[in-house]
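Colleague: Need a 3D model of the following:
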Amino acid sequence: MNHRHHHLITKTALVAAVLLGSSSVDASSTTRSLQKTYETIKGRSCFRSLDGMIESMTDLAVKYPDLLTMESIGKSFIKKNNPRPSDYDMDYDLPPGYDIYAFNVTAANSARKSFEKGKMLVTSGVHPREWAPPELNARFIETLVEGYNNNADITWILDHNEIHAILYVNPDGRFISEKYPSSYWRKNLNPEGCGNGVDLNRNLDFMWGDANGASDNPCANDYHGSSPNSEPETQAVVDYAKKLFPEGQRKDDPEKEMNTAFGEDITGVYIDIHASGGFVYYPWGHKDAKSPDNEALEALGRKINYYNGYKLWAGSQPDFMYEASGDFSDYMYGALGVASFGYEIGDDFQQDCSTFEDKVVPINLPSLIYAAKIAMKPYKEVKGPDVLKINTRLLSGRVRVVANASDSKMVNSIKGFPGHSSGNQIITAVHLYLDVHPDDYKEGSDKMWDMEVLDDNWDTTEETVRYEVPTRGLSFGRHTIYVQAIDSRGYKGPVSSTFIDIPAHNSNLRGGP
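Modeller: Next up is the predicted model:
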């Protein structure tokens, strides 16, 4: 089934940080691989097998206990029910049954407690025949772990947020897919009806059973199961998500109230990674119509597209492909209120390694990091201006900081699309903070400055700004610069940051004016 491969878990560590631009680092100086051999899928040395992945993630959690924890959140159908081989009409060996593991990436020693942190949940492995999603999800975890204290953005993300990941929602099916690749196994291992499982991505308790987007035929690939959340794998994810995202932002009757907006005060981001086709999708999925929070959801979809170029599969978009009812994306938004998305990565269920490494990982890791930035206030911050670049230069007694902020560039980058409503405001201010994140800033005790616009006029959707931070009195060593832009509607955009290093004798520095 599989073979051993010298898999360096941080092969892509910090690729995302480099591509983000504002706080790039030398990846060679920050890679801390476990340097251990893990099992991979036969013929795909870039994809760890189910067993190899769990082993590698376990090792990573042991090495970085203050950044990564793992827990079993439920059991697969086989492990929970222990069915007999005779229950199935197939010639495949049954899997042994598995725990379903969730991983939490956060700085355990940061000043914020868990209840004060934003939450992001990323799932993969819902459809086992899609080999690349769990590996991309794992690379995301590794990038975050390796980037902490080496990349400014990743450091504050983990200080202020928890990034949760479930690599294999459907481990039983993954066993079948890896051992019998020609099966192209999609569903779980519940033998009811046709004996080939339930499509977990049609089993959620939001618009479950809608005939437009799922089937009641047990033999169909999109069979929705006998009842909402009937499958142990589905229930495990739902129960875990309910613990993460606040109960207070949920509606009393999600389906009856689906046309009522959640508003801008919700918190939480959810992303479900699938393959393939090159799409990013968001609600609604069960019908070709916009959700009541479409302005924010579409803005984030467009900004994800800025990184990966994927088509928008969403209600009222030209690339809406077909209805899917009872899926994870609609449920997480409709029932729990979070900003909810799905990716369809690559161009093949069993993606080749060269495409995965060169064309899937580099464009998707930065988009995941961007989504992680806004996990606390996604519906507000996504409507604000983005700080696209920060450059610093150490001069005599000061640090010159130059930044580029844009309200329009990321959200209006799709050719042929009309301008988005959140992307036509002028930039009215850009604030620079030293050694304090904007959300933690206390007037009078912390340092914050208004950056100066280079052309002397705050009159466009994109501005280049500058400020010279005095270094006299600063301790030598590392400091962090945070930059946040504000537009004419008052929206504050995502925070961008970079490290600066002050030498021991900074008063003797020489530099240009």
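Colleague: mind listing what Met57 touches?
Modeller: 68, 70, 101, 103, 138, 141, 167 (CB atoms under 8 Å, 6 or more residues apart in numbering). Glycine gets a C-beta too; all of them are placed from N, C-alpha and C.
Colleague: all helices for the chain, in order.
Modeller: Assigned helices in the chain, in chain order: 15-20, 50-63, 77-81, 132-147, 152-160, 171-179, 232-244, 294-308, 328-334, 353-355, 361-373, 378-381 (criterion: DSSP state H).
Colleague: Local confidence estimate at the residue nearest the centre of the chain?
Modeller: What sits nearest the mean C-alpha location of the chain, by CA atoms, centre = their mean, is Leu368, with 3.6 Å. Leu368 carries a pLDDT value of 98.
Colleague: The one 3 residues further on now?
Modeller: At Ala371, the model reports a pLDDT of 98.
Colleague: mind listing what it touches?
Modeller: 120, 269, 271, 300, 304, 341, 378.
Colleague: which residues touch the fourth one?
Modeller: The reference is to Leu300. Neighbour list for Leu300: 282, 339, 341, 371, 374, 378, 382 [criterion: CB under 8 Å, 6+ apart].
Colleague: and of those residues, the nearest to Met410?
Modeller: Among the contacts of Leu300, Val382 lies closest to Met410 (CB to CB), at 9.5 Å.
Colleague: For Ala108, give its distance to Glu116.
Modeller: Ala108 sits 13 Å away from Glu116, going by CB to CB, to the nearest Å.
Colleague: quick one, which of those two is more surrounded?
Modeller: Of the pair Ala108 and Glu116, Ala108 is the one with more neighbours under other CB atoms under 10 Å, namely 14 against 11.
Colleague: For that one, give its distance to Thr460.
Modeller: Distance from Ala108 to Thr460, counting by CB to CB: 43 Å.
Colleague: which sections of this protein are below the confidence cut-off?
Modeller: Counting by pLDDT under 70, the chain has low-confidence residues at 1-33, 506-513.
Colleague: Measure how buried Tyr184 is and give me the count.
Modeller: Count around Tyr184 with other CB under 10 Å applied: 15.
Colleague: which residues touch the nearest residue to it once chain neighbours are set aside?
Modeller: Among residues not flanking Tyr184 along the chain, Arg129 sits closest, at 4.4 Å (CB to CB, 6 or more residues apart in numbering). Contact analysis of Arg129 by CB under 8 Å, 6+ apart lists 177, 183-186, 349-350.
Colleague: From those residues, pick the one nearest Glu443.
Modeller: Nearest to Glu443 among those: Phe349, at 54.0 Å, using CB to CB.
Colleague: Near that closest one, how many other residues are there?
Modeller: The number of residues near Phe349, taken as other CB under 10 Å, comes to 18.
Colleague: The nearest residue to it once chain neighbours are set aside and Asn188, how far apart?
Modeller: Excluding the flanking residues, the one nearest Phe349 by CB to CB, 6+ apart is Arg129, at 4.8 Å. According to CB to CB, Arg129 and Asn188 sit 12 Å apart.
Colleague: partners of the residue nearest to Ser475 when sequence neighbours are not counted in the sheet?
Modeller: Among residues not flanking Ser475 along the chain, Ile502 sits closest, at 7.1 Å (CB to CB, 6+ apart). Beta bridges link Ile502 to Gly477 when assigned by DSSP bridges.
Colleague: residue contacts, Ile502?
Modeller: Ile502 makes contact with 394, 399, 471, 474-479, according to CB under 8 Å, 6+ apart.
Colleague: Also Asp93?
Modeller: Taking CB under 8 Å, 6+ apart, one finds Lys179 in contact with Asp93.
Colleague: now swap in Ile426 and tell me
Modeller: So Ile426 contacts 407, 458-461, 487-488 (CB under 8 Å, 6+ apart).
Colleague: residues near the closest residue to it other than its chain neighbours, how many?
Modeller: Spatial nearest neighbour of Ile426, chain neighbours left out: Ser488 (5.0 Å); criterion: CB to CB, 6+ apart. Residues lying near Ser488 (other CB under 10 Å) number 15.
Colleague: Now Glu71: closest residue in space that isn't a chain neighbour?
Modeller: Nearest to Glu71 is Ala102, by CB to CB, 6+ apart, at 5.8 Å.
Colleague: quick one: that neighbour from Ser124, how far?
Modeller: Distance from Ala102 to Ser124, counting by CB to CB: 12 Å.
Colleague: Next, show the common contact partners of these two.
Modeller: 165-166.
Colleague: More neighbours: which of the two?
Modeller: Using other CB under 10 Å as the criterion, Ala102 and Ser124 rank with Ser124 on top: 27 against 22.
Colleague: pretty sure that one is touching Arg139, no?
Modeller: No. With contact defined as CB atoms under 8 Å, Ser124 and Arg139 do not form a contacting pair (10.9 Å).
Colleague: In this structure Asp87 contacts Gly195, no?
Modeller: Yes. Between Asp87 and Gly195 a contact is recorded at 7.2 Å, counting by CB under 8 Å.
Colleague: circling back: let me have the contacts of Ile426 in TSV, extended by distance to Ser230.
Modeller: Shown next, in TSV, are the contacts of Ile426 (distance: CB to CB, whole Å):
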residue	distance to Ser230
Asp407	45
Trp458	56
Asp459	57
Thr460	54
Thr461	49
Asp487	46
Ser488	50
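Colleague: start to end distance for stretch 349-364?
Modeller: 17 Å (CA to CA, to the nearest Å).
Colleague: can you tell me how far the nearest residue to Leu388 once chain neighbours are set aside sits from Asn212?
Modeller: Among residues not flanking Leu388 along the chain, Asn404 sits closest, at 4.8 Å (CB to CB, 6+ apart). Distance of Asn404 to Asn212, computed by CB to CB: 45 Å.
Colleague: ok now do the closest residue to Asn149 other than its chain neighbours, which residues does it touch?
Modeller: Nearest non-adjacent residue to Asn149, counting by CB to CB, 6+ apart: Thr155, 5.8 Å away. Applying CB under 8 Å, 6+ apart to Thr155 gives the contacts 107, 147-149, 480, 497.
Colleague: next one: Lys409
Modeller: Contacts for Lys409 (CB under 8 Å, 6+ apart) come out as 306, 386, 388, 462.
Colleague: my guess is the second one contacts Pro494, does it?
Modeller: Yes. In terms of CB under 8 Å, Asp386 counts as a neighbour of Pro494; the distance is 6.2 Å.
Colleague: Could you pull out the buried residues of stretch 201-221?
Modeller: 201-210, 213-214, 218, 220 (16 or more other CB atoms under 10 Å).
Colleague: okay if I get those as CSV plus distance to Val62?
Modeller: Formatted as CSV, the buried residues of stretch 201-221 follow (distance: CB to CB, whole Å):
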residue, distance to Val62
Asn201, 32
Arg202, 37
Asn203, 34
Leu204, 34
Asp205, 36
Phe206, 37
Met207, 41
Trp208, 39
Gly209, 43
Asp210, 44
Gly213, 42
Ala214, 41
Pro218, 42
Ala220, 43
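Colleague: among those residues, which two are most distant?
Modeller: Based on CB to CB, the longest span within these runs between Phe206 and Pro218 and measures 21.3 Å.
Colleague: isn't the residue nearest to the centre of the chain right next to Ile271, touching?
Modeller: Yes. Using CB under 8 Å, Leu368 makes contact with Ile271 at a distance of 7.0 Å.
Colleague: tell me, what's touching these two both at once?
Modeller: Val122.
Colleague: Chain neighbours aside, what residue packs nearest to the residue nearest to the centre of the chain?
Modeller: Nearest one to Leu368, counting by CB to CB, 6+ apart, is Phe140 at 5.1 Å.
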